[in-house]
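1. Here is my input, please return the structure:
(chains A and B)
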Amino acid sequence: GDSVTQMEGPVTLSEEAFLTINCTYTATGYPSLFWYVQYPGEGLQLLLKATKADDKGSNKGFEATYRKETTSFHLEKGSVQVSDSAVYFCALQGIWGNEKLTFGTGTRLTIIP
Amino acid sequence: GAGVSQSPSNKVTEKGKDVELRCDPISGHTALYWYRQSLGQGLEFLIYFQGNSAPDKSGLPSDRFSAERTGGSVSTLTIQRTQQEDSAVYLCASSPSGGGVPFSGANVLTFGAGSRLTVL
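-> This next block holds a predicted model:
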């Protein structure tokens, strides 16, 4: 079945550091890929998505590129801020576009000033 | 409504009691999902409703768990004879209609704030 493997946390970085959170997946065909974020005390929010190979999703300075050859969707940000502290979830959705999301276990990110 | 609404936001119950959690999806969204987020765990899929189709119940952990969706809108997740391991945040999400065609693009799920269940 479909699965998502995500970099284990927690991750602690200094402000303005470069961030990478690794995500790889196993799925039939070519799923859509997502990053969701959960800020402290808030619900899950969509951060970015990509629906086909080589697509790059971007939002709030974060980027992730859909790499079919490595079945990966790593999340990156060039200069993190304290406000980026949150739990990040990688997820996939099947090719039919109306299916449930399969999530990774989440990565807790803490940015220190 | 403007977003996915869940109630109660917090529920504390005693072991063995039944609980009901409610989800009111975004108006016009035909798909509705329930997930569970346990402490230190990822998001565990429970059940999925899509329009008038039979729900996908493949994620329900035991027969103590059930869910209904009335009139294609509001959903209720019921947990009977609660156990301590049921303690978690229960998340509801909805998404618009569409899909069903391969590679037509993703339906984005919008999540509610969750219902935190504590079983003593």
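
2. In chain A, which residue is most central in space?
-> In chain A, the C-alpha nearest the mean C-alpha coordinate belongs to A:W35, at 3.4 Å (CA atoms, centre = their mean).

3. The closest residue to it other than its chain neighbours and chain B: what is the separation?
-> Residue nearest to A:W35 in three dimensions, not counting chain neighbours: A:L47, with 4.4 Å by CB to CB, 6 or more residues apart in numbering or on different chains. Bear in mind the C-beta positions are built from the backbone N, C-alpha and C, glycine included. To chain B, A:L47 is 11 Å away according to CB to the nearest CB, to the nearest Å.

4. just checking, what packs against whichever helix or strand A:L47 is part of?
-> Following DSSP states H and E, one finds A:L47 within strand A:44-50. If you count contacts as 3 or more CB pairs under 8 Å, 6 or more residues apart in numbering or on different chains; DSSP states H and E, strand A:44-50 packs onto strand A:32-38, strand A:56-59, strand A:62-65, strand B:110-111.

5. Return the residues of chain A in contact with chain B.
-> A:6, A:29-30, A:32, A:34, A:36, A:42-46, A:49, A:51-52, A:89, A:91, A:93, A:95-106 (CB under 8 Å from any CB of the partner chain).

6. hmm, who's touching the helix or strand of chain A with the lowest mean pLDDT?
-> Least confident helix or strand of chain A, by mean pLDDT, DSSP states H and E, is strand A:101-103 with a mean of 90. Outside strand A:101-103, the residues that touch it by CB atoms under 8 Å, 6 or more residues apart in numbering or on different chains are A:2-4, A:27, A:34, A:36, A:89-93, B:33, B:35, B:42-43, B:45, B:109.

7. Narrow these to those in strands?
-> In strands, defined here by DSSP state E, the members of the contacts of strand A:101-103 are A:3-4, A:34, A:36, A:89-93, B:33, B:35, B:43, B:45.

8. Are any of these buried, and if so which?
-> Buried subset of the ones in strands among the contacts of strand A:101-103 (neighbour count, 16 or more other CB atoms under 10 Å in any protein chain shown): A:4, A:34, A:36, A:89-93, B:33, B:35, B:43, B:45.

9. would you turn those residues into TSV with distance to A:L13 and pLDDT?
-> Formatted as TSV, those follow (distance: CB to CB, whole Å; pLDDT from 0 to 100):
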residue	distance to A:L13	pLDDT
A:V4	22	94
A:F34	22	94
A:Y36	20	96
A:F89	18	96
A:C90	18	96
A:A91	23	94
A:L92	26	92
A:Q93	29	88
B:Y33	32	93
B:Y35	28	96
B:L43	24	90
B:F45	31	92
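
10. Check those residues against B:K17 and report the nearest one.
-> B:K17 lies nearest to B:Y35 out of those, by CB to CB, at 22.3 Å.
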